[in-house]
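Undergrad: Sequence first, predicted model second:
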Number of protein chains: 2
Amino acid sequence: MIDLIKNYSTMGRRIKKSVIRELLSLTSKPGLISFAGGLPSGELFPVDQLQDITNQLFKDKPEVILQYGATEGYMPLREEIVRLMQNKGYDITIENILITSASQQGIDMTAKLFVDLSDPVFIELPSYPGGIGSLASCGAHFVGIPIDDEGIRTDFLEEKLKTMSKDGEHYKLIYVIPDFQNPSGVTMSLKRRERLVELSHIYNFLVIEDTPYRDLRYEGEAMPSLFQLTEPSNVISLHSFSKVLVPGFRLGWICAHPSIIKKLAVFKQSIDLCTPYFNQAIAAEYLRRDLLQEHIDEILPVYKAKRDVMLNSLSEFMPDEITWTHPEGGLFLWVNLPEHMDAEKFFYEAINRKVAYVTGSAFHFDGSGGNHMRLNFSYPTEEEIRIGIKRLADLLKEKL
Amino acid sequence: MIDLIKNYSTMGRRIKKSVIRELLSLTSKPGLISFAGGLPSGELFPVDQLQDITNQLFKDKPEVILQYGATEGYMPLREEIVRLMQNKGYDITIENILITSASQQGIDMTAKLFVDLSDPVFIELPSYPGGIGSLASCGAHFVGIPIDDEGIRTDFLEEKLKTMSKDGEHYKLIYVIPDFQNPSGVTMSLKRRERLVELSHIYNFLVIEDTPYRDLRYEGEAMPSLFQLTEPSNVISLHSFSKVLVPGFRLGWICAHPSIIKKLAVFKQSIDLCTPYFNQAIAAEYLRRDLLQEHIDEILPVYKAKRDVMLNSLSEFMPDEITWTHPEGGLFLWVNLPEHMDAEKFFYEAINRKVAYVTGSAFHFDGSGGNHMRLNFSYPTEEEIRIGIKRLADLLKEKL
């Protein structure tokens, strides 16, 4: 056999196993309550409606939905997405829309389109491991920007931009999750949003805005997306059907300037020709029937109740030294342990006590953040949440 | 707006519009007979069976098929693929199988895993534009190897390997389509297959074997795949459901050494998390019911008849100076014009006469091959084939 390792490309050599992936494989033990995943709740899937639509499509246009299709996406789906976004105040046309195999592909294509080996890339501390992974495979040299309860610290970013500009460093982009951030659950304030977009104009960099949880808001007012705050756009906006419809279709879209969409479409041609028309056609008909908002309205109270049970259980069981975020939406909250603690160290002990979380270091490109845990509240039942938080609290009390 | 072109990565700057893609957009004129596409015939899709299976899955396991899934693929599908391949004599287990979003993703992931900017890559002259595109986006420095009616000229390859080894050049891989090659329709002889695999051991390079048409054989005996000819494996074998089931699911698989599969699975995690479980579950059940070979047996006589009509029409109408290949399977044949002719030059004239083909230069990384045309016989009807070939022959007679 030939020497594979010698033959891997620079990109190939930079592909690293994901910590979460390794840990998640341990969380399927019977009786274990897992706050580790990021799955939407399967019992909420609109199965009957999707089945009805699928049957209609098999009857009406089998030769369309089962055939190859345009790389940009199934036209009726692009049109429905434009209608959806226009109703939310976006000033766009189909030229701004490219269908992707969920937002992970959006991140990955964007990363590969812009990032070369050693290019500085700004990223939130903490951030989504799938974003870190895609950018890292391209060779990103990460510059971490801390967040607080208003989201990314734009003052810190500005300092970095100033220094780097002075030093002649060529930064290209920032990757952010403004709404109910994964993993922290924090939402970027309007002031920070405006400042971030302003900085992108002053210092000439692209903003990649990842918004998979944006429509899952349980309280408070929706903030304008970064894409909506600037014109002409310095923002590439990534969207997903995974959290508001189903993840199993692997569907999402990129909303960006038409010249970027055109370039991405040519790129996608060589990546996978197109996202399945079969899945796209089902989603298009689902939107055409105006079922999405109806479905989201069904999800929201369920997830809100689960979030509340988790917040209440944390208040009830956790020792005083432990704090956590209060997410206004999304799937996750973020637990802060005292500085000296490392959640990775007692992960296996937690597994033995039949409760799982993801350690904070998985969300930091530099392996820091061990004194944090990400907890998911969308997948477990309310009862499981109470019991699981109790188990976790008991463990932490011993560790303190 | 920021200066996008300045900000594209090396990969981004290498992404180029596809000639075929541009040309195909012209071929939807009413009344136009297109030999330009590569589509399987939609009227053959097993719609009723797929609908029945989909309904069963919606009923039996909606929360599995609509949820996120393992990056390596839906386990029942991987198991069915192993059964399928073992029945054909492959010595493999599920450790050798990764599910992909059709074989285009297989090509693209493999290209990105191995090819760095300026890496020499051997490629057939002519070859599949989607393969050329993926490899080119990684920065492949192509070394073209001509083919004849036995497939790739291994003597020519050996000469190149000798020279390059002497010069200390670090070649890594070859990309080939051994069965009913796209675009030529030529099948690699057993002798050439054995020699290619032998050379891969002597000169230490990987063979990427793309086999989307392999099961569409209308005459002659199936040849062992390159993967079957070597142990331990120097071959990565790419497979697709697009031509034998439906393209609209975007499903295929990579068969390779377990260490490569493991690496590719980590890579795919950051590319798209996983291929849709929804589509994978339908295909798995289709295979479990033993419907695939039954369906292929239905397709074969239809495509064979279309191929024969095309061959007969060419014999009947074409002037003596024109020759063509006699494919034993697949979707395409390859027309040779006299050296001085350039099929690109009268493409628009052909469109005006309501017949379309793809010019040979689209299949040559170096833009040569203009004195060829690729003709597809799977999509048009038999009547359209006769009329279309007559139109093309009339045009060529004038041009000669």
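TA: Structure received. Nothing here was measured: the structure is a model prediction, and the numbers come from that model.
Undergrad: any idea which strand is longest in chain A?
TA: strand A:141-148 (DSSP state E).
Undergrad: can you list contacts of that one?
TA: A:118-126, A:132, A:135-136, A:152-153, A:156-157, A:160, A:164, A:171, A:174, A:181, A:184, A:186, A:364-366 (CB atoms under 8 Å, 6 or more residues apart in numbering or on different chains). C-beta: built from backbone N, CA, C; applies to glycine.
Undergrad: Tell me the buried residues within these.
TA: Among the contacts of strand A:141-148, those classed as buried by 16 or more other CB atoms under 10 Å in any protein chain shown are A:119-126, A:132, A:135-136, A:152-153, A:156-157, A:160, A:164, A:171, A:174, A:181, A:184, A:186, A:364-365.
Undergrad: Can you narrow these down to the ones near chain B?
TA: A:Asp119 (CB under 8 Å from any CB of the partner chain).
Undergrad: residue of the stretch 301-400 of chain A with the smallest distance to chain B?
TA: Residue nearest to chain B within the stretch 301-400 of chain A: A:Tyr379 (9.9 Å; CB to the nearest CB).
Undergrad: Do I have it right that that residue meets A:Leu44?
TA: No. In this structure A:Tyr379 lies outside contact range of A:Leu44 using CB atoms under 8 Å: 10.5 Å.
Undergrad: More neighbours: which of those two?
TA: Legend: neighbour count by other CB atoms under 10 Å in any protein chain shown for A:Tyr379 and A:Leu44, higher for A:Tyr379 (20 against 15).
Undergrad: can I assume that one sits in a strand?
TA: No. Using DSSP: H, G, I helix; E, B strand; the rest coil, the assignment for A:Tyr379 is coil, not a strand.
Undergrad: so who does the nearest residue to it once chain neighbours are set aside touch?
TA: Spatial nearest neighbour of A:Tyr379, chain neighbours left out: A:Leu39 (4.6 Å); criterion: CB to CB, 6 or more residues apart in numbering or on different chains. Residues near A:Leu39 by CB under 8 Å, 6+ apart: A:Pro247, A:Asn376, A:Ser378, A:Tyr379, B:Gln67, B:Tyr68.
Undergrad: Quick check: nearest residue in space to the second one, chain neighbours excluded?
TA: Okay, so that is A:Asn376. The shortest distance from A:Asn376 to any non-neighbouring residue, by CB to CB, 6+ apart, is to A:Phe35 (5.1 Å).
Undergrad: ditto for the last one
TA: In this structure, B:Tyr68 finds its nearest non-sequential neighbour in A:Pro247, 4.5 Å apart by CB to CB, 6+ apart.
Undergrad: before we move on, back to that, partners of the next helix or strand after the longest strand of chain A in the sheet?
TA: Next helix or strand after strand A:141-148 toward the C-terminus (DSSP states H and E): strand A:151-152. Strand A:151-152 has the following strand partners under DSSP bridges: strand A:141-148 (antiparallel).
Undergrad: Quick one: low-confidence residue ranges for chain A.
TA: By pLDDT under 70, the weakly predicted segments of chain A are A:1-2, A:19-20, A:231-232.
Undergrad: Identify the single longest helix in it, thanks.
TA: Assignment by DSSP state H gives helix A:292-317 as the longest helix of chain A.
Undergrad: Which neighbouring elements make contact with the helix or strand just after that helix?
TA: Next helix or strand after helix A:292-317 toward the C-terminus (DSSP H and E): strand A:323-324. The elements that strand A:323-324 packs onto, with contact taken as 3 or more CB pairs under 8 Å, 6 or more residues apart in numbering or on different chains; DSSP states H and E, are strand A:332-336.
Undergrad: Is A:His170 in a helix, a strand, or coil?
TA: Secondary structure state of A:His170, per three-state DSSP, is coil.
Undergrad: residues contacting it?
TA: Contacts of A:His170 (CB under 8 Å, 6+ apart): A:Asp119, A:Pro120.
Undergrad: got a list of what the most centrally placed residue in chain A touches?
TA: By CA atoms, centre = their mean, chain A has its centre lying nearest to A:Pro212, at 5.2 Å. By CB under 8 Å, 6+ apart, the contact set of A:Pro212 is A:Ser103, A:Ile177, A:Asn182, A:Leu238, A:His239, A:Ser240, A:Ser242, A:Lys243, A:Gly252.
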